[in-house]
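Participant: Okay, here's the prediction I keep looking at, along with the sequence it came from:
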Amino acid sequence: MPRTTKRRKAMLENRQNTHPRDLDEAIGLLKQFPSTKFEQTVEIAVRLGIDPKQADQMIRGSIVLPHGIGRTQRVVVFAKGDLADAAAEAGADVVGQDDLADRIKGGWTEFDACVAAPDMMKIVGPLGKILGPRGLMPSPRAGTVTPDVANTVREYRAGKVEFRNDAGGNVHAVVGRLSFDADKLRDNIRAFLDRILSMKPANVKGTYVKTAHICAAMSPSIRLAV
């Protein structure tokens, strides 16, 4: 039987119960949990009333959070010519073509986002088996296949996050760091929820957002009243 540590017992007692909390109360409670020796991310998980097997009910997109996620994301770009120069100037960590593809085929995936100009998809396409399972495959729907690679690089470095539903209809995303003040966390979480609400498929019947929870990397989850 798993051993419950003193720290976790204290957190569970502090949570008291699992009834839904308004956002301000939930953030306050999250910040009361015992601290750790490292900087904790804050994440949100939303359970949606969609049928993940239906292509027209898939939820996938991205958002630039108002206050970022607390760290600079590493971005690689597939581009050539002027677009490659623009991506490098915008702050891309690596810009390339076949050379970048070969590096990824060799097992290198130490980046947070992959952006591609449309004419690079012949090179990027074969990388799907590597990038897809890691959520790094460029796609038009996520805004990572675009002729405006420079602006996309700037967005990711400013705190843009991608999201997509899993097989259970759940959407997960990082929405900041526990060290953020409450106002910044509130702004980021509200912006994310508003984005999800704006994407409700027309043919979804019944409740669209069923539940939403926030948690820190080492804390129990707290249910939001949505």
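Facilitator: Looks like it came in fine.
Participant: Geometric centre of this protein: which residue is closest?
Facilitator: Of all residues in the chain, the one closest to the mean position by C-alpha atoms, centre = their mean is A173, 3.6 Å from it.
Participant: my read: it touches N165, true?
Facilitator: No: with the criterion set as C-beta atoms under 8 Å, A173 and N165 do not qualify as a contacting pair; they are 11.2 Å apart. Glycine gets a C-beta too; all of them are placed from N, C-alpha and C.
Participant: Against D194, how distant is A225?
Facilitator: Using C-beta to C-beta, to the nearest Å, one gets 15 Å for the distance from A225 to D194.
Participant: let me fix that: L30
Facilitator: Remark: distance between L30 and D194 (C-beta to C-beta) = 20 Å.
Participant: Give me the more crowded residue out of the two.
Facilitator: Between L30 and D194, L30 has the larger neighbour count (other C-beta atoms under 10 Å), namely 23 against 11.
Participant: wait, what's in contact with the residue nearest to the centre of the chain?
Facilitator: For A173, the contacting residues are 43-44, 161, 163, 192, taking C-beta atoms under 8 Å, 6 or more residues apart in numbering as the criterion.
Participant: Would you reformat those residues as a markdown table and include neighbour count, distance to G135 and pLDDT?
Facilitator: What follows is the contacts of A173, written out as a markdown table (neighbours: other C-beta atoms under 10 Å; distance: C-beta to C-beta, whole Å; pLDDT from 0 to 100):
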| residue | neighbour count | distance to G135 | pLDDT |
| --- | --- | --- | --- |
| E43 | 16 | 14 | 97 |
| I44 | 22 | 16 | 98 |
| V161 | 22 | 11 | 90 |
| F163 | 21 | 9 | 92 |
| F192 | 23 | 16 | 97 |
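Participant: Tell me which of the residues you listed fall in helices.
Facilitator: Cross-referencing the contacts of A173 against helices under DSSP state H gives F192.
Participant: How confident was the prediction at the closest residue to Y208 other than its chain neighbours?
Facilitator: The spatial neighbour of Y208 that comes closest, neighbours along the chain excluded (C-beta to C-beta, 6 or more residues apart in numbering), is K200 at 4.9 Å. Among the per-residue scores, K200 holds a pLDDT of 96.
Participant: for K9, same thing?
Facilitator: According to the model's per-residue confidence, K9 sits at a pLDDT of 56.
Participant: Same question for V204.
Facilitator: According to the predicted model, the pLDDT of V204 comes to 92.
Participant: For burial, what's the neighbour tally of the closest residue to it other than its chain neighbours?
Facilitator: Setting aside the residues directly before and after it, V204 is nearest to I50 in space (C-beta to C-beta, 6+ apart), at 5.7 Å. Other residues within reach of I50, judged by other C-beta under 10 Å, total 23.
Participant: Checking my notes, I50 in a helix, right?
Facilitator: No: under DSSP: H, G, I helix; E, B strand; the rest coil, I50 sits outside any helix and is assigned coil.
Participant: any weak-confidence spans in the chain?
Facilitator: 1-18 (pLDDT under 70).
Participant: How is it partitioned into domains?
Facilitator: Residue ranges for the domains of the chain, per automatic domain parsing: 15-68+161-223, 75-157.
Participant: those strands in this structure, which residues are they?
Facilitator: Under the criterion DSSP state E, the chain carries strands at the ranges 41-48, 60-64, 75-78, 94-96, 113-116, 160-164, 170-177, 209-216, 222-223.
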